[in-house]
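Participant: Model the following, please.
(2 chains)
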Amino acid sequence: MATVAEMDALNVARETLPPPRHRGFSASLKRYFGTPLNALITLVCLWLMVRLATAAWGWLVTRAVVEGGPQACKGGSGACWPFLAAKLRFMIFGFYPYDEHWRPALALVLFLAAIIVSMMPRFWGRGLVWLWIAVPLICGVLMYGGVFGLPVVTTTNWGGLPLSFMLSFVGLALGFPLGVVLALARSSKLPAIQVIAIIFIEVVRGVPLVSILFMASVMLPLFMPDGLTVDKLLRAQIAIIIFAGAYIAETVRGGLQAVPKGQHEAAAALGLGYWLAMRKIILPQALKIVIPPLVNIFIGFFQDTTLVTIIGLLDFLDTVRASLRDPNWQGIAVIEGYVFAALVYAVFSYAMGSYSRFLERRLKTDHERSAPGG
Amino acid sequence: MASSSSNPLRLLNDLRVRAVLYQVVAVALVVGVGLYLFGNVSRKLAEQNIATGFAYLDRPAGFVISQSFIAYESGNSYARALLVGILNTIFVSVFAVILATTLGLIVGIARLSRNPMLSLLAKLYVEALRNVPLLLYLFLWYALIVAVFPPVREAWQPIPEVFVSNGGLIVPSLRWSPAHSGVLLAALAGVVLAFVVAGRLRRQRVATGIERPAWPFVLLALLLPPLLATLLLQPDLVVNWPEKGRFRITGGVQVTPEFTALLVGLGLSSSAGIAEIVRAGILSVGRGQWEASRSVGLRDGQTMRLVVLPQALRVIVPPLTSSYLSTFKNSSLAIAIGYPDLVMVSNTTMNQTGQAIEGIAIFMLVYLGMSISISLFMNWYNARVALVER
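Facilitator: Presented below is the predicted three-dimensional model:
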């Protein structure tokens, strides 16, 4: 993702180009075919793009199998659309009871709506806190049921896209306060607290997420007191929260370091204690600085939740894989399934990435306005 | 604030007292939770009759590992099996890092090309790789390899004695002996020597200003040690030819599809991140540097190599370190496609012995140790390329 500095530098790079003498056709002709090398590069790229486009078009449209079942797809050499049609609901909702699919669907819609609302600067305010307390609760009740006449659906039947969203969003929402506390602890002046925070952060960041997931799934039950069993899904969620916390802590620490020392001194001069100064003066500034990198961390986490597949949870990637292993379709539409999953992940990741770039621009202009000159 | 009052609660207002108190509470909390969890574990382990300790490492492992770079049989100990896993992890990570750095450098520079077509292609490459989870790509590459290549019985033979099938790539190999290891070590020494000689010559050039071709000396330094070692040790040249049987191919060296899928997946996905890092680094070098280099008559390629890249490295190295670290940690996804890395071997070991705590402790410690070594090395390199300010 382009940072603010990169965007600036990109503009600088553009300025290094000789000023275009002619606008329009002849200028762009020069950009594409200016020197022999440039012309060669253009032609090679063009050839490559045409090859890619025709291959994709042929696979997706001309040679695609549109009707029929597994047998029709077996003979075909193009994309197998019937597979996607037959398996779409399973891929999205997993083993959630078929007749109850409207519940996770509604939860997904609510969730996405809440996200879209929170992404719009005009809604930024205290109301969002209440929204984010309410929405996960409503979604949880919708998914689990047990009240309002909704039949109970245990977490073992949860899967697909709602599960992926839940693991990543709850992971971030609860990892965030953990991360802030860890960041404050790490930049604290008290040695014992600092050491505890450093050990926690560095250990979690030094090992792969797979190992933390393993630890949560294999070791956590051993650590629990007798009689207390922790749901498998919850265990994975705890692992993701811990992982998120350590990474967020380092980002927030960067933000804390970026707050000028004068702000600390001014807070002290006003007679504010540590907690009050942090809450009212330092953290608001630090967190504002780190919003764009936090969104980037979040894209990473959204993708990392696919790793719960390894400990046997049915997230979106795993429901896609389970569809591919369906005896009727086995070995027929492997590429189609993965390409579909890749597209879904790419759409969400790209949307979040674009949002992060938008935020950077916006926060940047806010800052610039107060700066003299320009 | 003097503690004139006799009320002990007033002491809490003293900052130093409070600092000590906070720390005591924090440490007590950590130790207390730790002891509580430890108590639970030891009681449960005793109830379930699970042995503790690392004695199991000496017992025979009894499982096969599909790829190893040291001699390993299922009768060897668990410790050796873990060593095989560690080496497999290191091997695939090192190759992936090399692949990712090369590709990332190329794509990062291509993204800055003035040719809009080329920069668009590079951008497409980066976006396609960054917006899809690595694990999905691993599954996809693995599925593609298995789907595209024929089964072992109908293995292709693009050139004689080289077999390509969905069981992997099989090429002839040398029958390895200690003499070969000696030659290999000498070759490594040659590489080091070449770097030293090149550095010396460069310093000489800078000091004297006399431009003399350096490459003959560097080439000599590179080739002399392995040639000498070959003459001294006289390694046998016995080739292990692959032979096609009814169901499988024996002999030769096999590059498994798991290894290939992991290497390609890791390498490509990190290359996208590295491309962005390289781009940001190059953009951070002011345009005055380009103009100045042009005015002293350097060509574009020379400017890039001699002026821009050395300065860009200062911006590039720290994020590159994190990128290498995550490549190395992401190699643990090997378990999803069945490449026998450290995590997979540990997992098999844990399943067989039931000693989960020891197993997880070992592989977490190994990862931590290696992560810290990579950080230390890259920090040393960073200190070397960092701007020396007065």
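
Participant: Run through who's touching stretch B:236-250.
Facilitator: Applying Cβ atoms under 8 Å, 6 or more residues apart in numbering or on different chains, the external contacts of stretch B:236-250 come out as B:152-153, B:155, B:161-163, B:165, B:167, B:170-175, B:177, B:179, B:251-253. C-beta here means a position set from N, CA and C on the backbone, and glycine is covered the same way.

Participant: can you pull the contacts of B:Met378?
Facilitator: B:Val317, B:Leu320, B:Thr321, B:Tyr324.

Participant: quick one: the last one and A:Ala72, what's the gap?
Facilitator: Here B:Tyr324 is placed at a distance of 47 Å from A:Ala72 (Cβ to Cβ, to the nearest Å).

Participant: hang on, B:Ile50 in a helix?
Facilitator: No: counting by DSSP: H, G, I helix; E, B strand; the rest coil, B:Ile50 falls outside a helix, being coil.

Participant: which non-adjacent residue is nearest it?
Facilitator: B:Gly354 (5.2 Å; Cβ to Cβ, 6 or more residues apart in numbering or on different chains).

Participant: cool, and A:Phe214?
Facilitator: B:Ile360 (6.1 Å).

Participant: which residues touch the one you found?
Facilitator: A:Ser211, A:Phe214, A:Met215, A:Val218, A:Met219, B:Ser346, B:Met350.

Participant: Secondary structure element holding the last one?
Facilitator: In this structure, B:Met350 sits in helix B:342-353 according to DSSP states H and E.

Participant: contacting residues around A:Pro191?
Facilitator: B:Gln23.

Participant: returning to what we had before: mind listing what's buried along the very next helix or strand once past the helix holding B:Met350?
Facilitator: Once helix B:342-353 ends, the next helix or strand along the chain (criterion: DSSP H and E) is helix B:356-385. Going by neighbour count (16 or more other Cβ atoms under 10 Å in any protein chain shown), the buried part of helix B:356-385 is B:356-360, B:362-364, B:366-368, B:370-371, B:374-375, B:378, B:382.

Participant: and B:Leu87, what pLDDT?
Facilitator: Listed pLDDT for B:Leu87 reads 91.

Participant: how near is A:Ile242 to A:Pro293?
Facilitator: 19 Å.

Participant: follow-up on the earlier one: out of the contacts of B:Ile360, flag the one nearest to B:Ala229.
Facilitator: Of all those, B:Ala229 sits closest to B:Ser346, with 36.7 Å by Cβ to Cβ.

Participant: show me what contacts that closest one?
Facilitator: B:Leu82, B:Gly85, B:Gly359, B:Ile360, B:Ile362, B:Phe363.

Participant: Just the element for the residue most central in space within chain A, please.
Facilitator: Of all residues in chain A, the one closest to the mean position by Cα atoms, centre = their mean is A:Ile299, 2.7 Å from it. Element membership for A:Ile299, per DSSP H and E: helix A:283-304.

Participant: before we move on, what about A:Val109?
Facilitator: Per DSSP H and E: helix A:102-119 holds A:Val109.

Participant: Quick one: mean pLDDT over that helix.
Facilitator: pLDDT averaged over helix A:102-119 gives 88.

Participant: buried residues in the next helix or strand after that helix?
Facilitator: Stepping forward along the backbone from helix A:102-119, the first helix or strand reached (DSSP H and E) is helix A:126-144. The neighbour-count check on helix A:126-144 (16+ other Cβ under 10 Å) flags A:Trp132, A:Val135, A:Pro136, A:Cys139, A:Leu142, A:Met143 as buried.

Participant: What is the neighbour count of the nearest residue to the last one once chain neighbours are set aside?
Facilitator: Setting aside the residues directly before and after it, A:Met143 is nearest to A:Ala107 in space (Cβ to Cβ, 6+ apart), at 5.6 Å. Using other Cβ atoms under 10 Å in any protein chain shown, the number of residues around A:Ala107 comes to 21.

Participant: Just list the residues touching A:Ala107, thanks.
Facilitator: A:Ala107 neighbours (Cβ under 8 Å, 6+ apart): A:Ile138, A:Cys139, A:Leu142, A:Met143, A:Pro162.

Participant: Let me have these in a markdown table, extended by pLDDT.
Facilitator: Converted to a markdown table, these look like this (pLDDT from 0 to 100):
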| residue | pLDDT |
| --- | --- |
| A:Ile138 | 88 |
| A:Cys139 | 87 |
| A:Leu142 | 86 |
| A:Met143 | 85 |
| A:Pro162 | 89 |
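
Participant: Below-threshold pLDDT in chain A: ranges please.
Facilitator: Within chain A, the stretches with pLDDT under 70 are A:1-24, A:365-374.

Participant: make that chain B, sorry
Facilitator: B:1-9, B:11-12, B:245-248, B:387-390.
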